[in-house]
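J.: sequence and predicted model, in that order:
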Amino acid sequence: MVFKHHQLVIPKLFVAAGDVLTLTGASGIGKSSLLQWILGVDQPGVTIEGQLTLDGNDLGQWPIERRQIGLVTQQADLFPHMTVAQNLLFALPKRHAHRHDWVAQQLQSVDLAHYAKAYPDQLSGGQRARIALLRSLAAAPRSLLLDEPFSALDVKLRTTIREFTWSKLMAANMPAILVTHDAADAPGKVVNLEQYYYD
Amino acid sequence: MATTLPPLAMHRLVRTAIALLWLIIPLGVVVWHNSTTPFGGSLVGALSALGNSAWLTLSVTLTTSALVLLAALAGARGRHLNATWASFIAVPHVAFAIGLLWLVSPSGWLVRLVDGLLPMWQGPIQSSALSGKSTFTLMVVLVLKELPFLLLMAQANVQQMPIQPWQQQAQALGYSHRRFWWLIVVPALLKRIRLPLYIIAIYTVSVVDIPLLVGPNAPALLAHEVYQLNWQFTNNTQGLVSWGSLFLVVIAFVSVLLLRGLEWVLQRWLGYLALTGKRACAAKSSVKRATTPWFWALLAMSIFISLLLQSGQQSWFYPSLWPQGWQWSRWLTEWPYIAPLLYNTWILAALSATLAWLSAIALLEVQAQSQQHTLNGGWLTMLMIPQLVLVLSWQQTIGPDNGFIGLLWSHTVFCFPYAYLTLHGAYHAYPRRWLWQARSLGYGPWAAWFKVLVPMLKRPLALAWAMAFSISVAQYLPTQWLAPVTHPTLTTEAVSIASGGDWRLGSVYALAQWASVWSVFMLVLWGTRARN
């Protein structure tokens, strides 16, 4: 990855199904850029060469929507013009049977059933974080990217949401990549990108 | 690597197509026409014929622009103007001028009100700076009409600045809010509103319809003079028209240079004051109060009522506050004439606004994908050249009354930069991660755009369309010179009637023009209202 003032030369990284690979490093080193590359977002000003495979498929030329990689961010990014239930329905594939029942059941599982018709700005930070994760998983992704998903939460809530996230990921049995500044967030292998930094 | 919307080549294609349609071709015609048409007459002859008008134009431009700038700088720290106030900006200049003139003329409504309240007052004002047609009246109309535009631009920029932490720091150092505003915010704001200020100045250089209604005649403003000369098809007058166009370009350039100089002086002066360490608070500004939304609401309401009464009155002699006789049947008798004009105006405005709006969205999307978030002034070039110079070249190249397509194109050329300017801030402030989210959930680029971006930006998108619509409705010169017979509009008719002195009938047309724009804005604001 070639940035304006530095480059990252990252060797092969592998994440198994059910594992979470944690990426750390100083601000501006390129953690989020790496996640965006994996997601498939164009980044003008950043030159990236390399290969990305998922389940044996080379994703290099695939558009974002075909990659089936979910994204959970610090801001949760729930669509503000949709209710909580609509956010989940939006993510649920069309072919899914009993869509409304499924959404109700998911909300029930996180004690947010009575927030189905609420809008994201009516939720607390922790509630938004839970809905954001549920929404990403609703699309049945093959992998998940977590871009500092806990950094906007207070210490107590952070632990709760972290455990909630790992339990959901374990159940889904998919590879995930976490970007964080806090090593305490990491559930497994940690890679510090500063070791791949070149001026 | 996958891209969001179209690939890089498509980006270039979109930019090139938009630039060709609304920038390169219109400018190319002007350059080609002026480089192939010889100037008639001499420079000395042109200067002696048009010199006074040129000086007047420069003076009016600099005075109104400076007043608007100072009022906007003072007023931008007041209550924020919201989308509703954007609809005030969109009140067509012609309707505004006709209504305001009746409100403030020597025997107008305000004078009658004072007369009624003060019995010792003696009759209508015999000699007033605000007489029917004068330089002063013209400047009052221009300042009041342009100020909300610059205010809105200034406040949009203020919202993007870290005002709160700056203010906390300044107040912790003992500076009053007013002093903080002028010494810290204004220097930063001056740079940011440079472009809208130049747009106002160049509009003033080239405006024709307002001087026709309320401007002086001897000498007239240069654009007004050139406009009238262009109707006389003699070699001598056509030579003067060419020189007059050149003078307009020079005046526009000089005005921009002098306004840049004014900015430099203000920056230096405020910079000097900031270093004196003086923390005292200045006297309370009345300008700030004058720029609060209530002032504009009252002004708009007064002008509207004034137009309404004028349009329905039969006799209204001084000093009566209300008309003595009514003739609302005027609306009915005029309807057969207004209806086709309404149709022409709406069709033209809807089509040109849609073309301009789609082009602006396509350009902004391409820029957002390329992460070019700063406002590119190049796309506003058509607002930085006196309109008369552009339209005159088009008219002389393609001829007058050359059909609807030429007229539509000319309107769109002027609607596009406004649609781009209106939408730019909201579109570039929109976090693209919402779109990535939608696409990571399996939606294609178009589906993500329509289902996520459009609903979230529905109000700025709709307001940009309404703004482009109002710009088309207000166009006078392009319609009057490119299709005066085949496609007259409410604006061209309102100016013709009111400049002939029939204010009652002029008010009917001005109201119809206002209603066209107002109804679109109200519909947009109602249709895109936020959930409770």
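T.: Cool, got the structure.
J.: settle this for me: B:Leu321 is touching B:Gly116, isn't it.
T.: Yes - counting by CB atoms under 8 Å, B:Leu321 touches B:Gly116, with 5.5 Å between them. To be clear about C-beta, it is placed using only N, CA and C from the backbone, and glycine gets the same treatment.
J.: neighbours around the closest residue to A:Gln122 other than its chain neighbours, how many?
T.: Distance criterion CB to CB, 6 or more residues apart in numbering or on different chains; nearest residue to A:Gln122, sequence neighbours excluded, is A:Tyr115 at 7.5 Å. As a burial measure, A:Tyr115 scores 19 neighbours (other CB atoms under 10 Å in any protein chain shown).
J.: likewise for B:Ser519?
T.: B:Ser519 has 11 neighbours, counted by other CB under 10 Å.
J.: with the one 4 residues further on instead?
T.: Number of residues near B:Leu523 (other CB under 10 Å) recorded here: 12.
J.: picking up where we left off before, do you know how far the residue nearest to A:Gln122 is from chain B?
T.: The gap separating A:Tyr115 from chain B is 16 Å, by CB to the nearest CB, to the nearest Å.
J.: list the contacts of that residue.
T.: Residues near A:Tyr115 by CB atoms under 8 Å, 6 or more residues apart in numbering or on different chains: A:84, A:107, A:122-123, A:127.
J.: among these, which are located in helices?
T.: Here DSSP state H is the test, and these give A:84, A:107, A:127 as lying in helices.
J.: what is the nearest of the residues you listed to chain B?
T.: A:Val84 (14.0 Å; CB to the nearest CB).
J.: for the residue of the stretch 351-500 of chain B found nearest chain A, which non-adjacent residue is spatially closest?
T.: With CB to the nearest CB as the measure, B:Arg439 is the residue of the stretch 351-500 of chain B nearest to chain A, at 3.9 Å. Leaving aside its sequence neighbours, B:Arg439 sits nearest to A:Ile64 (CB to CB, 6+ apart; 3.9 Å).
J.: that older thread, packing partners of the helix or strand hosting the residue of the stretch 351-500 of chain B closest to chain A?
T.: Element membership of B:Arg439 [criterion: DSSP states H and E] is helix B:433-440. Contacts defined by 3 or more CB pairs under 8 Å, 6 or more residues apart in numbering or on different chains; DSSP states H and E place helix B:433-440 against helix A:31-39, helix A:64-67, strand A:69-73, helix B:445-448.
J.: hmm, who's touching that helix?
T.: Helix B:433-440 is contacted by residues A:36, A:39-41, A:63-65, A:67, A:69-71, A:73, A:75, A:77, A:79, A:90, A:136, A:139, A:141, B:4, B:445, B:447-449, B:451-453, B:456 when judged by CB under 8 Å, 6+ apart.
J.: report the distance from that helix to the chain centre.
T.: Taking CA atoms, centre = their mean, to the nearest Å, one finds the center of helix B:433-440 at 37 Å from the center of the full chain.
J.: go on, stretch B:257-264?
T.: 21 Å.
J.: over to stretch B:187-196?
T.: How far stretch B:187-196 lies from its chain's middle: 17 Å, per CA atoms, centre = their mean.
J.: buried ones in it?
T.: Neighbour-count burial for stretch B:187-196, counted by 16 or more other CB atoms under 10 Å in any protein chain shown, picks out B:187, B:189-190, B:192-196.
J.: ok so B:Pro38 is a strand residue?
T.: No - counting by DSSP: H, G, I helix; E, B strand; the rest coil, B:Pro38 is not found in a strand; it is coil.
J.: quick check: it vs B:Trp32, distance?
T.: Distance of B:Pro38 to B:Trp32, given as CB to CB, to the nearest Å: 14 Å.
J.: quick one: which of the two has more around it?
T.: The residue with more neighbours, out of B:Pro38 and B:Trp32, is B:Trp32; 12 against 6, by other CB under 10 Å.
J.: and the helix holding B:Arg439, C-alpha only, in CSV?
T.: Presented in CSV, the C-alpha positions along helix B:433-440 are these (Å, rounded to 0.1, in the frame of the first residue of the first chain):
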residue,chain,number,x,y,z
ARG,B,433,-19.7,5.4,4.3
TRP,B,434,-23.5,5.1,4.2
LEU,B,435,-23.2,4.0,0.6
TRP,B,436,-20.5,1.5,1.5
GLN,B,437,-22.7,0.2,4.2
ALA,B,438,-25.6,-0.3,1.7
ARG,B,439,-23.3,-2.0,-0.8
SER,B,440,-21.7,-4.2,1.8
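J.: pLDDT of that helix, averaged?
T.: Mean pLDDT, computed over helix B:433-440, is 94.
J.: mind listing what B:Met161 touches?
T.: Residues in contact with B:Met161 (CB under 8 Å, 6+ apart) are B:185, B:188-189.
J.: ok, and which of these reach chain A?
T.: The subset of the contacts of B:Met161 lying close to chain A, counting by CB under 8 Å from any CB of the partner chain, is empty.
J.: shaky segments in chain A?
T.: Of all residues in chain A, none has pLDDT under 70.
J.: which residues of it lie near chain B?
T.: Close to chain B, as judged by CB under 8 Å from any CB, chain A has residues A:36-37, A:39-42, A:44-45, A:48, A:60-65, A:67-71, A:73, A:75, A:77, A:79-81, A:90-91, A:93, A:119, A:135-136, A:138-139, A:141.
J.: only the buried subset of the residues you listed, as a ChimeraX command please.
T.: Here is the ChimeraX command that selects the buried residues among the residues of chain A next to chain B (16+ other CB under 10 Å):
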select /A:36,37,39,40,41,42,48,62,64,65,67,68,69,70,71,73,75,77,79,81,90,91,119,135,136,138,139,141
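J.: which non-adjacent residue is nearest A:Ser32?
T.: Nearest non-adjacent residue to A:Ser32, counting by CB to CB, 6+ apart: A:Asp147, 6.0 Å away.
J.: ugh, wrong one, B:Met456
T.: Counting by CB to CB, 6+ apart, the residue nearest B:Met456 is A:His81, at 5.6 Å.
J.: now swap in B:Leu341 and tell me
T.: Nearest non-adjacent residue to B:Leu341, counting by CB to CB, 6+ apart: B:Leu490, 5.0 Å away.
J.: how many neighbours does the one you found have?
T.: Counted with other CB under 10 Å, B:Leu490 comes out at 30.
J.: just checking, it touches B:Ala512?
T.: Yes - with contacts counted by CB under 8 Å, B:Leu490 reaches B:Ala512, the gap being 5.4 Å.
J.: next, show the common contact partners of those two.
T.: B:338, B:341-342.
J.: if we go by neighbour counts, what in the host helix or strand of B:Phe414 is buried?
T.: According to DSSP H and E, B:Phe414 maps onto helix B:404-429. By neighbour count on 16+ other CB under 10 Å, the buried set for helix B:404-429 is B:406-428.
J.: now the residue nearest to A:Leu59 when sequence neighbours are not counted: how far from A:Leu34?
T.: Nearest residue to A:Leu59, sequence neighbours excluded (CB to CB, 6+ apart): A:Leu52, at 4.7 Å. Computed as CB to CB, the A:Leu52 to A:Leu34 distance reads 10 Å.
J.: check A:Leu88 too.
T.: According to CB to CB, A:Leu88 and A:Leu34 sit 28 Å apart.
J.: for the chain, what spans make up the strands?
T.: If you meant another chain, say so; for now it's chain A. A:7-8, A:20-24, A:53-54, A:57-58, A:69-73, A:143-147, A:176-179, A:190-192, A:197-198 (DSSP state E).
J.: oops, wrong one, chain B.
T.: Using DSSP E, strands in chain B cover B:313-315, B:325-326.
J.: how far does the shortest one sit from its chain's centre?
T.: So the one you mean is strand B:325-326. The answer for strand B:325-326 is 35 Å, by CA atoms, centre = their mean.
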